[in-house]
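> coordinates only, sequence not included:
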């Protein structure tokens with residue numbers, strides 16, 4: 001039964017990814033392994049609330065890689081995805097400095113009233129009040145202006161510790 005739950009979640013996420021790729025035309029001119037100036041992690045999962053008898057502690061690990069030689073600032077936005085919420089599309093955002101050829105991993109878990117995001121080596125520890133959403137990463141210069149250097153790569157890994165299962169999804173890159 002636990003394997004069926006993870007398979008359902010995996011199929012849901014893969015469906016969302018394919019739909020986003022088809023709607024943006026990304027399959028025609030982009031490869032998920034290419035670098036981009038903008039990354040989309042379409043679904044952040046921290047809880048298996050799909051099934052009434054759900055079991056399992058889930059964590060999502062999001063990696064953001066600067067594949068270029070120069071230092072950049074990654075502007076990360078967690079966007080509320082609850083359509084029935086009065087705060088639909090509200091966001092929690094923060095910045096992550098990345099040196100050349102640097103990778104940062106965010107650990108995203110279920111919090112008391114939403115999600116909890118941790119990046120231990122950056123001393124980042126924050127909460128967002130919405131339990132379902134997506135993550136978007138863009139590049140900025142030191143003045144906060146968006147830049148279009150194609151240097152970002154990313155991946156999301158969802159782990160269910162109780163079921164002993166995990167799956168990964170590449171971030172969807174958009175080129176500047």
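Perfect, I can see it now. Predicted, not measured: the structure shown is a model, and the values here were computed from it.

> all helices for the chain, in order.
According to DSSP state H, the chain carries its helices in the segments 2-24, 26-29.

> worst mean pLDDT among those helices?
Per-stretch mean pLDDT for the helices of the chain is lowest at helix 26-29 (a mean of 46).

> quick check: closest non-adjacent residue to the residue most central in space within the chain.
In the chain, the residue lying closest to the centroid (CA atoms, centre = their mean) is residue 41, at 3.7 Å. With sequence-adjacent residues excluded and distances taken as CB to CB, 6 or more residues apart in numbering, residue 41 is closest to residue 135, at 4.0 Å. Glycine gets a C-beta too; all of them are placed from N, C-alpha and C.

> try residue 113
Nearest residue to residue 113 in three dimensions, chain neighbours excluded: residue 129, at 5.3 Å (CB to CB, 6+ apart).

> contacting residues for the one you found?
For residue 129, the contacting residues are 87, 113-114, by CB atoms under 8 Å, 6 or more residues apart in numbering.

> closest to residue 33 among the residues you listed?
Residue 33 lies nearest to residue 114 out of the contacts of residue 129, by CB to CB, at 31.5 Å.

> how near is the residue nearest to the centre of the chain to residue 79?
The gap separating residue 41 from residue 79 is 10 Å, by CB to CB, to the nearest Å.

> shared neighbours, the two?
Contact criterion CB under 8 Å, 6+ apart; residues shared by residue 41 and residue 79: 134-136.
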